[in-house]
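*Asks:* make a model of this:
(2 chains)
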Amino acid sequence: MARAVAAALLLGTAIITLGALVAVVVSKATHDRRARAHAAAVRVGASMTGRVVSTADVDALASLLAAAAAGDTRRQADLLEVYRRWARGGLLSPDRSPTDACPEQVRVLAAAVRDQVDDPDPVRRGLAVALGGFPVHSLPVTRLADALTDPDPDVRLVAADSLQRRGTRAAADTLIEGLTVAALPPPRLAERLGYPWALPACLAALAAADPAVPNGVDPVPWLTRSVALVGDPAAVPALLAWARSPDLERRLNAVRALGACARPGDQAAVAAVRSAANDHSPLVRAQAYHAVGRLGDVSDIPMLRRGLTDRGWHARGAAAEALLRFGGPGRAALSEATLLSDRYAVDRARETLAADALARLGSRS
Amino acid sequence: MTGDWVTHPAVVWTVITINVVMFVYTVALQSIYTSLTLVGWRRVDRYMRRRPLRDYDYVTESPLSVPVSILVPAFNEALTVVTSLHALLANHYQQVEVVVVNDGSTDATLTVLAEEFRLVPLPRAPRSGLVTEPVRGVYMSAVDPRVVVIDKDNGGKADALNAAINYARYPLVCSVDADTLVDPVALERLVWEFQRHPDTVATGGTVRIANGSTVRGGLIQTVSTPWALLATLQIVEYLRAFLGSRVGWSRAGMLLIVSGAFGLFRRQALVDIGGYDTKSVGEDAELVVRLYRHFSDAGQPHRVTFFPDPVCWTEAPTSWRMLARQRDRWQRGMTQLLWKHRDMTGRGRFGRLGRWALPYFWAFELAGPVIEVAGYMAIPIGVALGILNVWVAVALLALATCYGAFLSLMALLIEERTFRRYPSWTDLRRMVTAIAVENFGYRQALAVVRVRAMVRLLYTQRSWGSMARSGFTVEPGPAAGAAVPVEVLGVAPFGAEPVTGPSGRAEVR
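*Replies:* Residues are numbered from 1 along each chain as shown, chains lettered A, B, ... in the order given. All right, here's what the predicted structure looks like:
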């Protein structure tokens, strides 16, 4: 009996092991074929970037578009990769695109994308949302807004990508709305709003923001980070108010943004960052020192020199970096600081001077 | 009479007990491996379907992506350290600095680095106060400001990593072995994981074996299995471990190990727990367990994950002696770790790690080799004494062997369905051959090594040992420095300087 049971178990295990081996071989053969199709798609993407496009390439692109329109998710993924490459190369715009060679296939795919946005499978939904972000198959912003609140996080992320590609005021408003409902981690939305086309929407949202900090995600710090990415002086008036906010995160990011957006000579901005250099938070003081380095003048050197002995680690480093911006007088102040009794100030000053010397040496050679 | 002891009840019951325990152990272990492999298969498949949705290039380009300090401890790595560094600097993810720690090398490691990167002394202040062996000097590269070299007295790998953490300036740190080659797109995928899940404190990628592959300019050019069986056996083992087990453990929230060869951590979390334990042999696993303990005690959300897509390549031992030494070290490290944190075992307070993972490691990774070796001895003894039916014994041994091969083939199937790093049929043939012979000596010998390691640990031996480096198979590549086609962002130490990134937009951190 035991022998029979053992033999049966052994036979069963041998069969499934053999089955696994067959599955490995079949899988390899199948994926070889798929890899060739993927390579062909990638070749189309690379070869259609030039001025002269061959008939073979147009046929290959038409075939890829048709397969994608038929719902083949692998070909849709290939097409997405091709579109991303073209977009980075500046080849995709509403007026001009390599897909202009296949207008009928593009029209069919656009219709398929609109239908696929409601697919129950999140991967198919995501592919549709991603493809619909490109000018070739534009999905309405309202559909992308719905996707930004999709239950699936990958779909939400591609929706944010697509809204960024849209680059319109409506898209910016939708992304800002996504901030308030925590559709994605805030930095993932803020980085997609850091463009000139989103600036008016960000400034309007800042002007309308509640002075009281909400219970959920506070959009103000992230909006100011987005504004800082743009670096436009037009944002300064909006930032000045937030630089005096009682909330640390709001204040910190507003001061940071002032440093990025204001220009030297903007008296209101300079006064605001100088005032922030006396903030009780070392994090705010650090950002203030950075900003003073950009916006201030040699009269700020004594303040920055005191910043070298700031009790905040970040603030000390920021003060040292800011001093370098004042050229000779700033370097002289750092040199003097190497004689202080404060070990941390001496360390920062030495490190900053050495790094600066190395950088200048490198730029000369 | 001479045969009396053979039929003594104590002898009979001992042999039977050992065989029963081994049978139960084998069934339990294979069940767990099967579950992990199936979970791993499902997760990897799911990830591959979703991968096209993820624009990893965006992570590389975004000015709000978190910068990374890559920590490279180096001890007598003159042969491979420059190659590895160039690979790191050529990584797509450019918001990095590379902190190399020359841990008192007795070869030309520092000289090689100084010549290649034109090092100059830089009085860089440490950012944290982890205790380490004395630092002799800090250097910065005159040709690439992303490279910082710390020269210190020898203190071991953990000590070197702690020194690197002290001098690292970015919020994420990535520990990489000096002989490791990191895929150009690996780092952005790890960073993506952190940015997707902000409560992540540690995440690891897949370690693959470079033996047989061709390296040019610090990058893997052609992936291939070696003709040497020993290295191919390890390739199969790594596939099983990473694509099967680790994905499964990670999915279950019970990942115990983030490989020291390639792992990304929140710097502040490492500082909070006091850095790596310099007294541990398996410092990478011990660090992870301590992270769990710290965050559980603090009641803070935390994730420790494994992500199969980011890949690094390392050289596997090519001789049995070196392999035995490596596995000896791993087993001693695991034993030490489990003993040190034994108070976490079975405790629900530490979540699934305490409740399930640690008991598993005690039962199967610690006691398992002992049971296995005892079984290998008990089965033939039982047959010889007439206690066990020879056919049943043979059938059960064959069953265990066959099922082991099945699990390895499952890992190979996951590889073929997903990443397919080994494109040729020759590679497949070699790996299948390795799977076929794996359970005829290789696995058994490693079990003996592991048992011996635990016995040796009783005498409190702890050292790295040495590993003879043969270097990678290198084709002549472009001159160092000239092969780096990417733009250096030139981020100032405190991120104060408005910089213009690849997108041309101003950004202030």
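
*Asks:* for the rest of this, base every contact and every neighbour count on C-alpha atoms.
*Replies:* Will do.

*Asks:* would you mark the buried spots in stretch A:123-136?
*Replies:* A:123-136 (16 or more other CA atoms under 10 Å in any protein chain shown).

*Asks:* how far away from the center of its chain is it?
*Replies:* Relative to its chain's centre, stretch A:123-136 lies at 18 Å (CA atoms, centre = their mean, to the nearest Å).

*Asks:* check whether that stretch contacts chain B.
*Replies:* Yes - using CA under 8 Å from any CA of the partner chain, we find that stretch A:123-136 touches chain B at A:123, A:126, A:127, A:130.

*Asks:* can you get me a residue count around residue 304?
*Replies:* Chain wasn't specified; assuming chain A. Residue crowding around residue A:304 was assessed by other CA atoms under 10 Å in any protein chain shown; the count is 29.

*Asks:* I was after chain B.
*Replies:* Using other CA under 10 Å, residue B:304 has 23 neighbouring residues.

*Asks:* tell me if I am right that residue B:263 is in a strand.
*Replies:* Yes - according to DSSP: H, G, I helix; E, B strand; the rest coil, residue B:263 belongs to a strand.

*Asks:* could you list everything it pairs with in the sheet?
*Replies:* residue B:175, residue B:204 (DSSP bridges).

*Asks:* low pLDDT regions in the chain?
*Replies:* Using chain A. Chain A contains residues with pLDDT under 70 at A:49-52, A:363-365.

*Asks:* wrong one, chain B
*Replies:* Within chain B, the segments meeting pLDDT under 70 span B:1-7, B:460-509.

*Asks:* quick check, central residue of it?
*Replies:* Geometric centre of chain B, nearest residue: residue B:259, 2.6 Å, by CA atoms, centre = their mean.

*Asks:* need the contact list for that one.
*Replies:* Applying CA atoms under 8 Å, 6 or more residues apart in numbering or on different chains, one finds that residue B:259 lies in contact with B:204, B:205, B:207, B:284, B:285.

*Asks:* count of residues packed around the first one?
*Replies:* Using other CA under 10 Å as the criterion, residue B:204 is surrounded by 29 other residues.

*Asks:* ditto for the third one
*Replies:* Under the neighbour criterion other CA under 10 Å, residue B:207 is assigned a count of 26.

*Asks:* ok, longest strand in chain B?
*Replies:* Secondary structure assigned by DSSP state E gives strand B:303-314 as the longest strand of chain B.

*Asks:* with just CA atoms, put that one into PDB.
*Replies:* Taking Å, rounded to 0.1, in the frame of the first residue of the first chain, the C-alpha atoms of strand B:303-314 are listed here in PDB:
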ATOM      1  CA  ARG B 303       7.100  49.200   4.200                       C
ATOM      2  CA  VAL B 304      10.000  47.000   3.400                       C
ATOM      3  CA  THR B 305       9.600  45.700  -0.200                       C
ATOM      4  CA  PHE B 306      11.300  43.800  -3.000                       C
ATOM      5  CA  PHE B 307      10.900  44.900  -6.500                       C
ATOM      6  CA  PRO B 308      12.000  42.400  -9.200                       C
ATOM      7  CA  ASP B 309      12.600  44.800 -12.100                       C
ATOM      8  CA  PRO B 310      15.600  46.800 -10.900                       C
ATOM      9  CA  VAL B 311      18.600  44.600 -11.500                       C
ATOM     10  CA  CYS B 312      22.200  44.600 -10.500                       C
ATOM     11  CA  TRP B 313      24.900  42.100 -11.500                       C
ATOM     12  CA  THR B 314      27.500  40.500  -9.400                       C
END
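
*Asks:* other SSEs contacting that strand?
*Replies:* Helices and strands touching strand B:303-314, by 3 or more CA pairs under 8 Å, 6 or more residues apart in numbering or on different chains; DSSP states H and E, are strand B:181-182, helix B:186-196, strand B:200-209, helix B:247-251.

*Asks:* so which residue of the stretch 151-300 of chain A comes closest to chain B?
*Replies:* residue A:229 (4.8 Å; CA to the nearest CA).

*Asks:* so where does that residue fall, helix or strand?
*Replies:* helix A:219-230 (DSSP states H and E).

*Asks:* which residues are contacting that helix?
*Replies:* Here helix A:219-230 has contacts from A:176, A:179-180, A:186-187, A:190-196, A:199, A:202-203, A:205-206, A:209, A:235, A:239, A:249-251, A:253-254, A:256-258, A:260-261, B:505-508, using CA under 8 Å, 6+ apart.

*Asks:* please spell out the ChimeraX selection for the buried subset of those residues.
*Replies:* Under the burial definition 16+ other CA under 10 Å, those of the contacts of helix A:219-230 that qualify are selected in ChimeraX by:
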select /A:176,179,180,186,187,190,191,192,193,194,195,196,199,202,203,205,206,235,239,249,250,251,253,254,256,257,258,260,261 /B:505,506,507,508
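
*Asks:* so residue B:415 touches residue B:241, yeah?
*Replies:* No - counting by CA atoms under 8 Å, residue B:415 does not reach residue B:241; the two are 12.0 Å apart.

*Asks:* who has more neighbours out of those two?
*Replies:* Taking neighbours as other CA under 10 Å, residue B:415 and residue B:241 compare with residue B:415 leading, 23 against 20.

*Asks:* tell me the contacts of the more buried one?
*Replies:* B:239, B:243, B:421 are the contacts of residue B:415 under CA under 8 Å, 6+ apart.

*Asks:* which one's the longest helix in the chain?
*Replies:* All of this is about chain A. Counting residues, the longest helix found in chain A (DSSP state H) is helix A:2-47.

*Asks:* I was after chain B.
*Replies:* Determined from DSSP H, the single longest helix within chain B is helix B:9-50.

*Asks:* any residue of that one touching chain A?
*Replies:* Yes - applying CA under 8 Å from any CA, one finds helix B:9-50 in contact with chain A at B:49, B:50.
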